[in-house]
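> Below is the sequence, then the predicted model.
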Amino acid sequence: MAAAVFKEANVEFAECDCCGLTEECTPAYIARVREKFGGRWLCGLCSEAVKDETVRSEEEITANEALDRHMKFYEQFKTSSPPANPAEDLITAMKHLLRRTLDSPRKNGPTTTTTPTSFVRSKTCFSTV
């Protein structure tokens with residue numbers, strides 16, 4: 001019986017330059033992320049937020065400009081006081097996010113507005129054989 005030998009991947013801890021989250025990553029991955037963001041390392045959540053900021057921006061912006069916007073937003077969020085009613089604020093924030101996402105123009109998508117397709121109701125829920 002042959003024994004399987006697993007080589008442990010060389011992993012390091014990397015701390016996000018924006019939010020401070022620490023992740024375990026390979027040195028190659030850390031280097032790719034730093035190359036993408038001008039020497040700064042971002043966690044997955046912050047890098048997705050930067051990508052979203054780039055897509056949602058009305059004018060063409062660079063990744064560094066989007067990163068600066070996200071870092072400014074994060075600093076404002078971090079220094080704000082906790083909400084008086086967290087559950088209600090979460091519901092309001094999710095509603096706002098949903099509306100913002102649905103109303104957000106897409107750079108690569110069609111520029112014309114289309115009406116959503118409606119569902120067609122069948123006469124019966126049983127299939128015919």
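Okay, I see it. Since this is a predicted model, take the numbers as computed values, not measurements.

> Report pLDDT for residue 84.
Residue 84 carries a pLDDT value of 78.

> wait, what's in contact with it?
Contacts of residue 84 were listed using Cβ atoms under 8 Å, 6 or more residues apart in numbering, and none were found. The C-beta positions use only the backbone N, C-alpha and C, and glycine is treated the same way.

> which ones are touching the residue positioned nearest the centre of the chain?
The C-alpha lying nearest the average C-alpha coordinate of the chain belongs to residue 48 (Cα atoms, centre = their mean; 3.2 Å). The contact partners of residue 48, by Cβ under 8 Å, 6+ apart, come to none.

> so which strand or helix has it?
Under the criterion of DSSP states H and E, residue 48 resides in helix 44-56.

> just how off-centre is that helix within its chain?
5 Å (Cα atoms, centre = their mean, to the nearest Å).

> contacting residues around the following helix or strand past it?
Using DSSP H and E, the helix or strand that follows helix 44-56 towards the C-terminus is helix 63-79. Contact partners of helix 63-79, identified using Cβ under 8 Å, 6+ apart, comprise 18-19, 36-38, 40, 42, 46, 49-51, 53-54, 57, 61.

> Among those, which one lies nearest to residue 92?
Nearest to residue 92 out of the contacts of helix 63-79 is residue 49 (Cβ to Cβ; 19.5 Å).

> Find the nearest non-adjacent residue to the closest one, please.
Nearest residue to residue 49 in three dimensions, chain neighbours excluded: residue 70, at 5.0 Å (Cβ to Cβ, 6 or more residues apart in numbering).

> Tell me the confidence at the one you found?
Confidence score, pLDDT, at residue 70: 91.

> same check, this time on residue 103
76.

> Residue 59 too?
87.

> tell me, how many neighbours does it end up with?
Around residue 59 there are 5 other residues, counting by other Cβ atoms under 10 Å.

> From residue 37, how far out is it?
According to Cβ to Cβ, to the nearest Å, residue 59 stands 20 Å off from residue 37.

> Helices of the chain, start to end?
Assigned by DSSP state H, the helices in the chain fall at 27-36, 44-56, 63-79, 86-103.
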